[in-house]
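Asker: what follows is a predicted protein model with its sequence.
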Amino acid sequence: MPEATETIPRLTRWGVSPDADLIFRALTMMGGRKDTELSRELGLPRSRVVAALDELAAMRAAQPTRSPEIRSGTQVARRWDPCPVSQVLRQLRRPVVPGSQRDRWREHFGTLDGLDLPALDDSRIRHWGSRPLARRRIAHLAAAERYEHLAINTEEVITADATAAALPADRALVDRGIQIRILGRPPGDGDRSTAHLAQLGSGGGIYRELPDLPIKLLVFDRRVALFPADPLNFETGVVEIDDAPVVQALCGLFDRLWTQGRDPHRQGVPPITLTPREQALVALLSAGHTDVSAAKELKLSVRTVAYTMRELMDRLGVENRFQLALLLGAAGAAPLPTYRTAEPAEPSDRKEE
C-alpha cells in the first residue's frame, strides 16, 4: 500500500462525481486495483465502478495498466492505477488569467463613472493618502458600526497570513451582532479550506464568491463607503465618501453582485471533526479491533459502538465502513486501517498418498 504523504481533497468541488471521487481516493491510498476488487471492497455495483473509472480516465486521473481483454463479447476486469495527486489537481484547478493593469484600472473607474461623485475638494470626500492611514480609518469606522458591514475583495490571491489577520477583526464585528457580507474572487487554484468561513458563518458572517468583481469596496452601515484611490497601488490609500446618493448606488451595486455570487461552503472542503468518542472508536477500529473488543476497551455497549459508527457514516455521507475509513484517512482525520491479503500457500513436497 502506498504511503500517503498529503491529504487528498474531495474532487467533487470541481464537478467530479462522488463515485469517481471515492474510487480515486481508494486507488491513491491502497494502490492499483481491478474494477472487480474495487466493487467488492467499496461495496459498490461493478457498473458504478466502471462508470467512475471511465470518468477518471477521461480526466486523466486514473489509467489501466493494459488494454482490456475481450472474451466472447464480455470485457474482462482490468487493473487500474491512479495518477499522482499533484498532477490531477493541476489539471482540475482553473488557472486565473489576470487582466491587464489597464483593464483593471478602467474597470475600477468605469464603475465609479456615472455616480455623480462630488468634487475632490468637497467635504463629502476625504482622501486617506497612505495604507497605514487607510487602515487606521477603517478600524475607526468599523468600531463605530452598528448593524451592517459590506466588503468586496478583488485580490486574486489572499495569503494565509492575511486571512489569519482578518479573522479577529471579522469575529469582533460578528460578536457585536454586526451582519457581515463579503464578496471575494474564487481562489486561483480552487483549493481552499472553508474553515475560516465556517468560523465566521457560525456567528452570522456570510461570504460569497464571484469571478468578476469590478471594484474593491467597503461600506459601513450603508452610510460611508471606502474604495482605493488607485486600484493598481493600494499604497496610495483610500477615498472615503459619505454622500448619500453615491453610497446608495454603491450599495445597489453590491446587492446586484451578491445575488450572482456563490456560497463556497457548498463547494469547499469543510474540515472533518470527530467527537472524542468517535476519535477513540475510529482509532481502535483502524488498529484492528472488532466492535466487541472496542466496546470493551472504551467501556461501552456493542450497540453504542454500532450506533456511533452508523451516525458517523450518515453524517459524512458514506455507505459502509470501508468507505468511511478511506474518507477519514484521505482527510487526515484518522489512520487508514491495514488490510492483510492472504499469502499464497507454499508448495508442498509431499505427494498425495
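Answerer: That came in fine, so what should we check first?

Asker: and the helix or strand where Ala142 lies, which residues are buried?
Answerer: Here Ala142 sits within helix 131-144, counting by DSSP states H and E. For helix 131-144, the neighbour count (16 or more other C-beta atoms under 10 Å) marks 134, 137-138, 141-142 as buried. Yep, even glycine has a C-beta here, placed from its N, CA and C like the rest.

Asker: now the residues you listed as a markdown table including pLDDT and distance to Thr273?
Answerer: Formatted as a markdown table, the buried residues of helix 131-144 follow (pLDDT from 0 to 100; distance: C-beta to C-beta, whole Å):
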| residue | pLDDT | distance to Thr273 |
| --- | --- | --- |
| Ala134 | 91 | 37 |
| Arg137 | 93 | 38 |
| Ile138 | 91 | 33 |
| Leu141 | 93 | 35 |
| Ala142 | 91 | 30 |
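
Asker: can you pull out the residues in contact with the helix holding Ala142?
Answerer: The contact list for helix 131-144 (C-beta atoms under 8 Å, 6 or more residues apart in numbering) reads 128, 149, 169, 172-173, 218, 220, 224, 226, 234-235, 237-238, 240.

Asker: filter these down to the buried ones.
Answerer: Using 16+ other C-beta under 10 Å, the buried members of the contacts of helix 131-144 are 128, 149, 173, 218, 220, 224, 226, 237-238, 240.

Asker: return the item of the residues you listed having minimum pLDDT.
Answerer: Of all the buried ones among the contacts of helix 131-144, Leu173 carries the smallest pLDDT score, 84.

Asker: that residue reaches Ile180, doesn't it?
Answerer: Yes: using C-beta atoms under 8 Å, Leu173 is in contact with Ile180, at 5.7 Å.

Asker: closest to Glu311 among the buried ones among the contacts of helix 131-144?
Answerer: Glu311 lies nearest to Leu173 out of these, by C-beta to C-beta, at 35.0 Å.

Asker: the closest one and Gly43, how far apart?
Answerer: Distance, Leu173 to Gly43, by C-beta to C-beta, to the nearest Å: 47 Å.

Asker: and what of Arg79?
Answerer: According to C-beta to C-beta, Arg79 and Gly43 sit 20 Å apart.

Asker: before we move on, what about Gly32?
Answerer: Taken as C-beta to C-beta, the span from Gly32 to Gly43 is 19 Å.

Asker: will you turn the buried residues of helix 131-144 into JSON lines that also has distance to Thr65?
Answerer: Below are these laid out as JSON lines (distance: C-beta to C-beta, whole Å):
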{"residue": "Ala134", "distance to Thr65": "59"}
{"residue": "Arg137", "distance to Thr65": "63"}
{"residue": "Ile138", "distance to Thr65": "58"}
{"residue": "Leu141", "distance to Thr65": "62"}
{"residue": "Ala142", "distance to Thr65": "59"}
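
Asker: tell me the two of these that are most distant?
Answerer: Farthest pair in those, by C-beta to C-beta: Ala134 and Ala142, 12.3 Å.

Asker: now for the host helix or strand of Glu37, which elements pack on it?
Answerer: In this structure, Glu37 is located in helix 35-42 according to DSSP H and E. Packing partners of helix 35-42 (3 or more C-beta pairs under 8 Å, 6 or more residues apart in numbering; DSSP states H and E): helix 18-30, helix 46-58, helix 321-330.

Asker: buried sites along that helix?
Answerer: Within helix 35-42, the residues scored as buried using 16+ other C-beta under 10 Å are 35, 37-39, 41-42.

Asker: picking up where we left off before, any idea how far the helix holding Ala142 is from the chain center?
Answerer: Here helix 131-144 is found 31 Å from its chain centre; the criterion is C-alpha atoms, centre = their mean, to the nearest Å.

Asker: following element in sequence after it, please.
Answerer: Following helix 131-144 in sequence order, the next helix or strand is strand 148-153 (DSSP H and E).

Asker: that next one packs against which elements?
Answerer: strand 179-184, strand 217-220, helix 244-260.

Asker: now that strand, how far from the centre of its chain.
Answerer: Put simply, strand 148-153 sits 22 Å off its chain's centre (C-alpha atoms, centre = their mean).

Asker: can you check stretch 275-292 too?
Answerer: That offset, for stretch 275-292, works out to 27 Å (C-alpha atoms, centre = their mean).

Asker: using PDB, list the CA coordinates for that stretch.
Answerer: Extracted as PDB, the C-alpha positions of stretch 275-292 are listed here (Å, rounded to 0.1, in the frame of the first residue of the first chain):
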ATOM      1  CA  THR A 275     -16.100  13.800  18.800                       C
ATOM      2  CA  PRO A 276     -13.800  12.400  21.400                       C
ATOM      3  CA  ARG A 277     -15.800   9.200  21.400                       C
ATOM      4  CA  GLU A 278     -15.700   8.900  17.700                       C
ATOM      5  CA  GLN A 279     -11.900   9.600  17.600                       C
ATOM      6  CA  ALA A 280     -11.200   6.900  20.200                       C
ATOM      7  CA  LEU A 281     -13.500   4.400  18.400                       C
ATOM      8  CA  VAL A 282     -12.100   5.000  15.000                       C
ATOM      9  CA  ALA A 283      -8.600   4.700  16.300                       C
ATOM     10  CA  LEU A 284      -9.400   1.300  17.800                       C
ATOM     11  CA  LEU A 285     -11.200   0.000  14.800                       C
ATOM     12  CA  SER A 286      -8.400   1.200  12.500                       C
ATOM     13  CA  ALA A 287      -5.900  -0.700  14.600                       C
ATOM     14  CA  GLY A 288      -7.900  -3.900  14.000                       C
ATOM     15  CA  HIS A 289     -10.300  -4.100  16.900                       C
ATOM     16  CA  THR A 290     -13.700  -5.600  16.500                       C
ATOM     17  CA  ASP A 291     -16.900  -3.900  17.700                       C
ATOM     18  CA  VAL A 292     -16.800  -6.200  20.700                       C
END
